[in-house]
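Peer 1: Please find the sequence and the predicted model below.
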Amino acid sequence: MNKTVSINLGGFFFHIDEDAYQKLTRYFDAIKRSLTPDGKEEIMNDIEGRIAELLSEKLKNDKQVVSIREIDDIIAIMGQPEDYKIDEETTGSSSYSSSSQTYFAPGYTKTKKFYRDGDRGMIGGVCAGVAHYFRIDPLWVRIIFIITLFISFGTSIFVYLLLWILIPKAITTTEKLEMTGEPINITNIEKKVREEIDNISSKFQNVDYNKLGNDAKTGAERIGSGIGSVFLAIFKAISKVIGALITIFAAITLGSLIIFFFTVLFTSGIPGGPWHELMNIANYTETPLWILGLLFLITIGVPFFFLFLLGLKILIENPRPIGNTTKYTLLAIWLIAVAFSIYLGIRQATEVAYEGKTMQKEEILLTPRDTLNIKFRYDEYFAKSVDQNTDFRFVQDTTGTNLLYSNSVELYFMKTDAPTPYLQVEKVAEGGSISEARERAEKINYSFDLQGNNLTLDNCITTEVSNKFRNQKVKVYVYIPEGTIVNADKSIRHYHRSDYSLYIPYNDQDHLYKLVEDELKCLDCPFEGENGDSVDNDVVAHGHIMISEGNADINIKVTEKPKDTINK
């Protein structure tokens, strides 16, 4: 059994067997002999760091000792010193071409990583990093950025700052090689280090390398770095506030959705519960309420859950991410819920797609000398006033039957060529088919009272809760011939829906109206006199002329057929 040795390589500790250790030592010695004194120590540090990274990737959880096999694999990737030829006379600052030979180890795939180039960059190195990634000159990237700066009215600055924050800077030699897409082996590490040394030596003579690397910047770079730091601090502060607002809003919404779902879940099955009756009458598809609540929770909650994660990502650096499996599972569940919700929505719409009605016709026995009196009444058990109106509500009658109560009653005056007036009552409802809608309309409870020339209409309708709310209503049509006089009680003002010509505007008190030339004309409504006082019209009705003069009312009986109206 071989002995194991503990070594510190590039800041990492490894357990390596003796044979592998000896081979790795010989490999390092061969590299050192191939290097010139200039930059040898830095090159060796970079090579050791790269080998340490490769060893960390190769070691599994169940294997903690480096064997000679792993060393052979790493040497195959890094290459032998004699495999490389470094061109010492290569000049030029471009990193896109080189006259040196490049060796690719077997199985090597040339890849790139996105970094900011702090060496060639002007402010942050974002444009230079983009140029490296797409293998173009940084000048073109900067020109494009300046153009977009004007086109976007300055908003591209925030994009630049965002990239500055998100994209790491290439610091080590390995990262710089990854940035340019070059193989990370001995020759490229040595070449990169020598380029940096040559660049520094050509610009600054007799200056310490470490001091130069940390402090040497041009005036423009210092100004740019200062401005960039200010913008970066402002952007970070704004982003934190936005992240906090997004997180709080999403969390409150998610909490409300969860509370709503469990409320529906635990109360939907309780008869008389707060959601039971209301949800059931509006549930045209008869889908269980807990399923509707679950669909609502998923379709609205999943987007807000991801919005919550986005807020956390902005607010907290490097939050613990959720796995791709969880993301794709939630996405699939959300798509299924949305599809099912659309299906139920279509079914819900088709349940009220058709209108059905029933009709009841009654002749009004009225002589030409009679006045048709119309008024509304209310049910004292359900309301306290004829003016009390509601679209629908739950009630119980005297027998304890649950009912839907509504004041959806509409009154229309219509002209007819028939010799006598008549009444037509239409009960209307909606349904998934005409026959279903008609059947539901037949179950509407509505009554009226017609005694001679007196018509009294109910101001409400009722139907059993089992019929559900399907826009049930009653339309009352009063057909009157030319010359008919109507006494409209003020109670009709909430229910009158006639067209303009047959509309009764003076409904704050009782008035007489006469159908003259397709129009209901008020016979006793006040109008403004010359001095602004309210003056009543003179009225001719059934052989009497009513004249108001001052405080005296004169009633003149006409023995001959009177004219319709006499105006003084």
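Peer 2: Nice, thanks for sending it over.
Peer 1: Only C-alpha atoms from now on, for both contacts and neighbour counts.
Peer 2: Will do.
Peer 1: Please parse the protein into its domains.
Peer 2: 237-350, 354-522, 525-568 (automatic domain parsing).
Peer 1: Packing partners of the helix ranked longest in the chain?
Peer 2: Counting residues, the longest helix found in the chain (DSSP state H) is helix 219-267. Packing partners of helix 219-267 (3 or more CA pairs under 8 Å, 6 or more residues apart in numbering; DSSP states H and E): helix 156-166, helix 289-315.
Peer 1: those strands in the stretch 351-500 of the chain, which residues are they?
Peer 2: In the stretch 351-500 of the chain, the segments counted as strands under DSSP state E, counting those that start in this stretch are 354-363, 371-377, 393-396, 402-406, 409-415, 422-431, 448-451, 454-458, 461-464, 473-480, 485-488.
Peer 1: Now do the second one against strand 454-458: the angle between them, please.
Peer 2: By that I understand strand 371-377. 20 degrees (axes from the mean of the first three to the mean of the last three CA atoms, to 10 degrees).
Peer 1: Can I get strand 371-377 in CSV? Just the C-alpha atoms.
Peer 2: Provided in CSV are the C-alpha atoms of strand 371-377 (Å, rounded to 0.1, in the frame of the first residue of the first chain):
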residue,chain,number,x,y,z
THR,A,371,-108.4,57.4,-16.8
LEU,A,372,-105.9,54.6,-16.5
ASN,A,373,-104.4,54.7,-13.0
ILE,A,374,-101.0,53.0,-12.6
LYS,A,375,-99.0,52.5,-9.5
PHE,A,376,-96.5,50.1,-7.8
ARG,A,377,-96.8,48.3,-4.5
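Peer 1: And for that strand, what's in contact with it?
Peer 2: The contact list for strand 371-377 (CA atoms under 8 Å, 6 or more residues apart in numbering) reads 366, 386, 453-459, 484-492.
Peer 1: Please apply the same query to the last one.
Peer 2: The contact list for strand 485-488 (CA under 8 Å, 6+ apart) reads 370-375, 507, 510-515.
Peer 1: How about the first one?
Peer 2: Residues outside strand 354-363 that contact it (CA under 8 Å, 6+ apart) are 420-439, 441-442.
Peer 1: Can you turn the buried part of these into a ChimeraX selection?
Peer 2: Restricted to buried positions by 16 or more other CA atoms under 10 Å, the ChimeraX selection for those reads:
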select :420,421,422,423,425,426,427,428,429,430,431,432,433,434,436,437,438,439,441,442
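Peer 1: ok, P526 - how many residues close by?
Peer 2: P526 sits with 13 neighbouring residues when counted by other CA atoms under 10 Å.
Peer 1: same thing with L294?
Peer 2: 19.
Peer 1: show me the contacts for it.
Peer 2: Counting by CA under 8 Å, 6+ apart, L294 has contacts F261.
Peer 1: go with 10 Å
Peer 2: For L294, the contacting residues are 257-258, 260-262, 264-265, 301, 337, by CA atoms under 10 Å, 6 or more residues apart in numbering.
Peer 1: cool, L307 as well?
Peer 2: Here L307 is in contact with 243, 246-247, 249-251, 301, 313 (CA under 10 Å, 6+ apart).
Peer 1: angle of the longest helix of the chain against helix 156-166?
Peer 2: Interaxial angle of helix 219-267 relative to helix 156-166 (the same axes, to 10 degrees): 80 degrees.
Peer 1: tell me the angle helix 219-267 makes with helix 289-315.
Peer 2: Going by the same axes, to 10 degrees, helix 219-267 makes 160 degrees with helix 289-315.
Peer 1: oh, and call the first residue 33 from now on, that's how I've got it
Peer 2: Sure, I'll start counting at 33 from here, so that last one is helix 251-299.
Peer 1: any idea of the mean pLDDT for helix 251-299?
Peer 2: Helix 251-299 shows a mean pLDDT of 76.
Peer 1: Same question for stretch 149-163.
Peer 2: Per-residue pLDDT over stretch 149-163 has a mean of 76.
Peer 1: List the buried residues for that stretch?
Peer 2: Under the neighbour-count criterion of 16+ other CA under 10 Å, stretch 149-163 has 149-150, 154-163 buried.
Peer 1: repeat for stretch 427-435
Peer 2: Those buried within stretch 427-435 under the rule 16+ other CA under 10 Å are 427, 434-435.
Peer 1: between those, which is nearest Y316?
Peer 2: The shortest approach to Y316 among the buried residues of stretch 427-435 belongs to L435, at 17.4 Å (CA to CA).
Peer 1: Could you report the distance from the closest one to V460?
Peer 2: 17 Å (CA to CA, to the nearest Å).
Peer 1: I396 is in contact with Q483, isn't it?
Peer 2: Yes - using CA atoms under 10 Å, I396 makes contact with Q483 at a distance of 8.7 Å.
Peer 1: Name the residues of stretch 378-385 that are buried.
Peer 2: 380, 383-384.
Peer 1: okay but T422 is in contact with H526, surely?
Peer 2: No - taking contacts as CA under 10 Å, T422 lies outside contact range of H526: 11.3 Å.
Peer 1: Same drill for the two, tell me which one is more crowded.
Peer 2: For T422 and H526, the more surrounded residue by other CA under 10 Å is H526, and the numbers stand at 18 against 11.
Peer 1: you'd agree the more buried one is up against C492?
Peer 2: No - the pair H526 / C492 is not scored as a contact, 11.7 Å apart, by CA under 10 Å.
Peer 1: Now list whatever residues contact both of these two.
Peer 2: Here H526 and C492 share the contacting residues 408, 418, 420-421, 439, 441, scored by CA under 10 Å, 6+ apart.
Peer 1: JSON lines please, covering those and showing distance to L195, pLDDT and neighbour count.
Peer 2: Output for the shared contacts of H526 and C492, formatted as JSON lines (distance: CA to CA, whole Å; pLDDT from 0 to 100; neighbours: other CA atoms under 10 Å):
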{"residue": "F408", "distance to L195": "73", "pLDDT": "91", "neighbour count": "21"}
{"residue": "V418", "distance to L195": "69", "pLDDT": "73", "neighbour count": "18"}
{"residue": "Q420", "distance to L195": "64", "pLDDT": "73", "neighbour count": "13"}
{"residue": "N421", "distance to L195": "61", "pLDDT": "74", "neighbour count": "15"}
{"residue": "N439", "distance to L195": "63", "pLDDT": "89", "neighbour count": "24"}
{"residue": "V441", "distance to L195": "65", "pLDDT": "93", "neighbour count": "22"}
